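Asker: give me coordinates for this.
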Amino acid sequence: MILRPHYMELLKTYRDVPLVKILAGIRRCGKSTLLEMLRDDLLKNGVAADHIIRMRYTSEDFEDGMTDKDMYKGIKEQMTGDGWYYLLLDEVQEIDGWEKAVNSLLEDTHSDIYVTGSNSKLMASEISTYLTGRYISIPVYTLSFAEYLEFKKQSGHSPRELLNEYIRMGGFPIVALGSFDERSAYQIIEGIYNSVITSDITKRHNIANFDLFNRVVRYIVENVGKTFSANAIVKFLKSEGRSLSVEAVYNYLSWLEKAFIIYRCQRYDLQGKSVLKTQEKFYLADPSLKYCIMGFNPKSIAAMLENIVYFELRRKGYDVYIGKNETKEIDFVAVRRDERIYVQVCRRLPEESDREVANLLEIKDHYPKYVVTLDELAAGNINGVKIVHMADFLLNKEY
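Answerer: Numbers count the residues shown, from 1 in each chain. Purely as a prediction, here's the structure:
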């Protein structure tokens, strides 16, 4: 089992703190494995095995339905001794009212509670009043490039070679652990995608016209890294002779977001210092999701580089926005407490450098500014703007 130190450090930070630790992210991004790593670490630190209760809740195991009371009772019955217990509860969204059971366990027992899940029932916006103020949310993403290198340590390839593979294959752990060709990798990822669509969206929301829903998904995937509106999707569908309301499009976007397939990136007005509610962008939980749906196309790499940088900034704890500076756009404005960085992403320099650098130079403050590129020859500093290769940016721990 290959450790993921970033998450283990986070879990250690909150260990024994009286808050429910909620790990949420797309299916197969490694949440269950993190609980295994946590269990191993607890055992290594002297916690008795019978004081670590690991439960996995899957729809197949509970076809007849399990209530929150059943969940509470099933766990409580295992807590037969004195002392502190660690509860590792996997895929709790399958239990209606899981928050009630977890809240009762938090109140009634001496326990440290960790839960995982992969749909909206684990999002802050949908966690009921039972856990308000009593949990910490830890988003779990697919592998970062640094983690991917760790998974591929025995491959004998250089970081630059592995970066090209990472861009094409993505960061799902199941793919990184194997030696799959591109076609096989995309088949595996398509299976993950289909299970999310089936279990977390179409069944839950009773989508009748799956073909129309699928067309909207393809539109979103085609336009990753571009601004578009629900109205634009409606007009596009109309041009194809299909009909869908703006409200339905908003629902589809919301459901995809709550299944952790897409992530919303809002625009930030650098002049007015405010978050704008229009012309957002969406990024995919993993670049491979685009390729398994659309096939690999070298022309899409620029958008996927943006996608990768967006999640790297999120992993490092930044709130990430698209920057609007009057008429100019900055790919990312990343804010973390009193820190801020600006990032432009492009595939090649120097043909794109003038525009990318000029947009950053128009920002009149002293926060760090970067142009991130795949260009092997590009590196250095242009009037304070740092030109950085993608691999170096992804592996730098300083920001």
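Asker: what is the neighbour count of Asp70?
Answerer: Asp70 is flanked by 13 other residues according to other C-beta atoms under 10 Å. Where C-beta positions appear, they are placed from N, C-alpha and C, glycine not excepted.
Asker: quickly find the element holding it.
Answerer: Asp70 belongs to helix 68-76 when assigned by DSSP states H and E.
Asker: avg pLDDT for that helix?
Answerer: What helix 68-76 shows for mean pLDDT is 95.
Asker: partners of the helix or strand just after that helix, with directions?
Answerer: Sequence-wise, the next helix or strand downstream of helix 68-76 (DSSP H and E) is strand 85-90. Partners of strand 85-90 in the sheet, by DSSP bridges, are strand 52-56 (parallel), strand 111-117 (parallel).
Asker: quick one: which of those strands is nearest Arg340?
Answerer: For Arg340, the closest of the strands paired with strand 85-90 is strand 111-117, at 31.7 Å, according to C-beta to C-beta.
Asker: show residues contacting the closest one.
Answerer: The contact list for strand 111-117 (C-beta atoms under 8 Å, 6 or more residues apart in numbering) reads 11, 15-17, 20-24, 31-32, 34-35, 38, 79, 84-93, 98, 102, 105-106, 122, 140.
Asker: how far does it sit from its chain's centre?
Answerer: Offset of strand 111-117 from its chain centre (C-alpha atoms, centre = their mean, to the nearest Å): 19 Å.
Asker: next, the buried residues of that strand.
Answerer: 111-117 (16 or more other C-beta atoms under 10 Å).
Asker: now the helices for the stretch 101-250 of the chain?
Answerer: Using DSSP state H, counting those that start in this stretch, the helices of the stretch 101-250 of the chain run over 145-151, 159-169, 173-176, 182-196, 210-222, 230-239, 246-258.
Asker: mind putting those into CSV with mean pLDDT and mean neighbour count?
Answerer: Shown next, in CSV, are the helices of the stretch 101-250 of the chain (pLDDT from 0 to 100; neighbours: other C-beta atoms under 10 Å):
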stretch, mean pLDDT, mean neighbour count
helix 145-151, 96, 20
helix 159-169, 95, 18
helix 173-176, 96, 20
helix 182-196, 95, 17
helix 210-222, 94, 17
helix 230-239, 94, 15
helix 246-258, 94, 17
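Asker: of all the ones you listed, which one comes closest to Glu312?
Answerer: Checking the helices of the stretch 101-250 of the chain against Glu312 by C-beta to C-beta gives helix 145-151 as the closest, at 7.4 Å.
Asker: could you look up the SS state of Ile301?
Answerer: Local secondary structure at Ile301 is given as helix here, using DSSP: H, G, I helix; E, B strand; the rest coil.
Asker: what's the nearest residue to it if we skip its chain neighbours?
Answerer: Of all residues not flanking Ile301 in the chain, Arg347 sits nearest, at 6.0 Å (C-beta to C-beta, 6 or more residues apart in numbering).
Asker: can you list which of the contacts of strand 111-117 are found in strands?
Answerer: Among those, the members found in strands (DSSP state E) are 20-24, 85-90.
Asker: which of those residues sits closest to Gly272?
Answerer: Comparing the ones in strands among the contacts of strand 111-117 against Gly272 with C-beta to C-beta places Ala24 closest, at 32.1 Å.
Asker: helix or strand next in line after the helix or strand of the chain with the lowest mean pLDDT, which one?
Answerer: When the helices and strands of the chain are scored by mean pLDDT, DSSP states H and E, helix 353-361 comes last with a mean of 82. Downstream of helix 353-361, the next assigned helix or strand under DSSP H and E is strand 369-373.
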